[in-house]
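Peer 1: The sequence and its predicted three-dimensional model are supplied below.
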Amino acid sequence: MKVKVKLFAILRERAGTAEITKEIQEGSTVADLWAALQQDYPKLAVPGIRLLYAVNQDYVSPDRVLRNSDEVVFVPPVSGG
Amino acid sequence: MLRVTDKPIDLQELVDWVTDPEAGAITTFIGTTRNNNQGRKVIALDYEAYPEMAEKELARLSEEAKEKWQICRMAIVHRIGPVQITEPSVMIAVSAAHREAAFAACRFAIEEIKKTVPIWKKEVYEGGEIWIGTQSGQPLNRS
């Protein structure tokens, strides 16, 4: 199955792309996806960064199991205002 | 009115939107771009958002404010893209029957924006640029 990953801010810059479609195995979690992406894009590993995780525009925990065509975002520390 | 925009924000538009015959107070907050930060001379800020989720989170925090305080209406507009020194990056307006609730909910809104809404600012300063928040990390306790 496939999921869509959107990248923003520092992660978008480091990956050099704003969107990635990734083939994953059934039962994969958000954390599994993040580990796989860091294999594909080693620069995504930002030392010391604290990420949050969002699936389909809601914050989720990293053990959330993904479904086909989910939209996943790894949220760097927000700094609006 | 809970949205992000790449255009300059018009405060009057927010005030008009929260105007309510049952309100005895309207409070507003304007976040502006400062020319210095932690000893760096700031040239401009550049904001980026995950727009669909940002607007969803703004709606969530607005509902939370309505549960906590007796307010009539809340409007929040956050600008994205480049914002020059002195220009507003965010505006909030809250109407309520009484001022205490209007002040409290307005304060709550800006604090929540800084914690949970997926918007990021890059500071462009003399000699470089930096994504704010990525150095120290930012833990967030939410289920």
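Peer 2: Now that the structure is in, tell me what you want to look at.
Peer 1: what about A:Ala31, how many residues close to it?
Peer 2: A:Ala31 has 13 neighbours, counted by other CB atoms under 10 Å in any protein chain shown. (Glycine included, C-beta is placed from N, CA and C.)
Peer 1: Next, give phi and psi for it.
Peer 2: The phi and psi values for A:Ala31, taken as degrees, to the nearest 10, are phi -60, psi -40.
Peer 1: Do I have it right that it meets A:Val65?
Peer 2: No - counting by CB atoms under 8 Å, A:Ala31 does not reach A:Val65; the two are 10.4 Å apart.
Peer 1: What residues does the residue nearest in space to the middle of chain B make contact with?
Peer 2: Residue closest to the average C-alpha location in chain B (CA atoms, centre = their mean): B:Val90, at 4.3 Å. Going by CB atoms under 8 Å, 6 or more residues apart in numbering or on different chains, B:Val90 touches A:Gly80, A:Gly81, B:Ile9, B:Phe29, B:Ile30, B:Gly31, B:Ile76, B:Val77, B:His78, B:Arg79, B:Ile110, B:Ile113.
Peer 1: Would you reformat these as CSV and include pLDDT and distance to A:Leu7?
Peer 2: Listed next are these as CSV, based on pLDDT from 0 to 100; distance: CB to CB, whole Å:
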residue, pLDDT, distance to A:Leu7
A:Gly80, 96, 17
A:Gly81, 94, 22
B:Ile9, 98, 26
B:Phe29, 98, 30
B:Ile30, 98, 30
B:Gly31, 98, 25
B:Ile76, 98, 25
B:Val77, 98, 25
B:His78, 98, 20
B:Arg79, 98, 21
B:Ile110, 98, 27
B:Ile113, 97, 21
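Peer 1: For burial, what's the neighbour tally of residue 12?
Peer 2: In the absence of a named chain, this looks at chain A. Using other CB under 10 Å, the number of residues around A:Arg12 comes to 17.
Peer 1: Let me rephrase: I mean chain B.
Peer 2: Counted with other CB under 10 Å, the neighbours of B:Gln12 add up to 8.
Peer 1: Skip ahead from the host helix or strand of it and say which helix or strand is next.
Peer 2: Following DSSP states H and E, one finds B:Gln12 within helix B:11-18. Next helix or strand after helix B:11-18 toward the C-terminus (DSSP H and E): strand B:25-32.
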